[in-house]
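Visitor: Task: produce atomic coordinates for the following.
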Amino acid sequence: MNSRSERTAADPRLGEAHIERVGGVVLVGVLHDHPASVYRVRSVVDRVDPDAVALELPPLAVPLAVRQAADERTPPTLGGEMSAAVQAADTDRVVGIDGPSAGFLRYLAAELYAERASADTVRKVAAGLRSVTARAVKRRAAAAVTALTSVQLAVDPPTTYDTGRTDDPARQAEEERRRADTARSMLRTFAAPPAAAVRRAARERYMADRLAALGGTDEVVAVVGLAHLDAVAGHLRDA
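Guide: I've put the predicted structure just below:
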């Protein structure tokens, strides 16, 4: 998997629009919880055999994905493409590259300053940060409960789609493409509120810089949302 042109199109779920290599980092774009994305992540991790797996999760949420990956079922019942990536990897090095974290706060502050954000935007960004931090703490607590009791907690109910993992690969890929195209059309049609735009820009720069540090000498597979794939890859090339 040295370039887009070298990847096979035999399975439509492994299309070139969803996978990008930049140096030692192989980015896998996903639609969260979609069966085509789960398959793609497992296939790429198995093929690359990375030294590390990087997830679009805050560090606090990584232990829950690791616990979910310990499921006897393949792919795991819970955790979608994140736990599937961990389960497929022959490495214990699993890294959360998204915020919130101490490092991410610096990127968020820098983005607010660069955009000369209004007081209202700053308040909304802070409110959003509190929300995602609370969710990350909830995931960390669920991982602790699972470790003590072996009870798997469904902290985030999985997204349901019109196709399942036992459906034909072409049907899975087409349904995923349709969902992704709809999301992109919405983004092009409606401008994101300033607070959302600031947080998205900070997240993409932060994830790219984290991956640049990880992929300096090691082979890394990074699982990121399809909506962030191009921006993160672009920042990585500029790093």
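
Visitor: Okay, G164 and P35: tell me how far apart.
Guide: 6 Å (CB to CB, to the nearest Å). Every residue, glycine included, has its C-beta placed from N, CA and C.

Visitor: More neighbours: which of the two?
Guide: Between G164 and P35, counting by other CB atoms under 10 Å, P35 is the more crowded of the two (24 against 11).

Visitor: Near the residue lying closest to S118 once chain neighbours are set aside, how many other residues are there?
Guide: With sequence-adjacent residues excluded and distances taken as CB to CB, 6 or more residues apart in numbering, S118 is closest to P194, at 7.3 Å. Residues near P194, counting by other CB under 10 Å, number 17.

Visitor: contacting residues around P194?
Guide: Residues near P194 by CB atoms under 8 Å, 6 or more residues apart in numbering: 115, 117-118, 121, 124.

Visitor: Format the residues you listed as a markdown table; extra columns: neighbour count.
Guide: Listed next are these as a markdown table, based on neighbours: other CB atoms under 10 Å:
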| residue | neighbour count |
| --- | --- |
| E115 | 13 |
| A117 | 19 |
| S118 | 12 |
| T121 | 19 |
| K124 | 18 |
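
Visitor: Check whether L27 really touches A17, as I assumed.
Guide: No: with contact defined as CB atoms under 8 Å, L27 does not count as touching A17 (11.6 Å).

Visitor: got the buried residues for the longest helix seen in the chain?
Guide: Determined from DSSP state H, the single longest helix within the chain is helix 119-149. The neighbour-count check on helix 119-149 (16 or more other CB atoms under 10 Å) flags 121, 124-125, 128-129, 132, 135-136, 138-140, 142-143, 146 as buried.

Visitor: Kindly report the same for stretch 18-29.
Guide: 18-22, 24-29.

Visitor: Of all pairs in those residues, which one is the farthest apart?
Guide: Greatest spacing in the buried residues of stretch 18-29, by CB to CB: H18 and G24 (19.0 Å).

Visitor: any idea how far D181 lies from G99?
Guide: Distance from D181 to G99, by CB to CB: 27 Å.

Visitor: ah, wrong one, I meant V155
Guide: 18 Å.

Visitor: who's more crowded, these two?
Guide: Legend: neighbour count by other CB under 10 Å for V155 and G99, higher for G99 (23 against 19).

Visitor: Now the more buried one: phi and psi?
Guide: phi -80, psi 170 (degrees, to the nearest 10).

Visitor: Which helix or which strand is home to L57?
Guide: Using DSSP states H and E, L57 sits within no helix or strand.

Visitor: what pLDDT does the residue of the chain most remote from its centre get?
Guide: Centroid-distance maximum for the chain: A119 at 30.0 Å, with CA atoms, centre = their mean. According to the prediction, A119 has pLDDT 97.

Visitor: Quick check: it vs A17, distance?
Guide: From A119 to A17 the distance is 40 Å (CB to CB).
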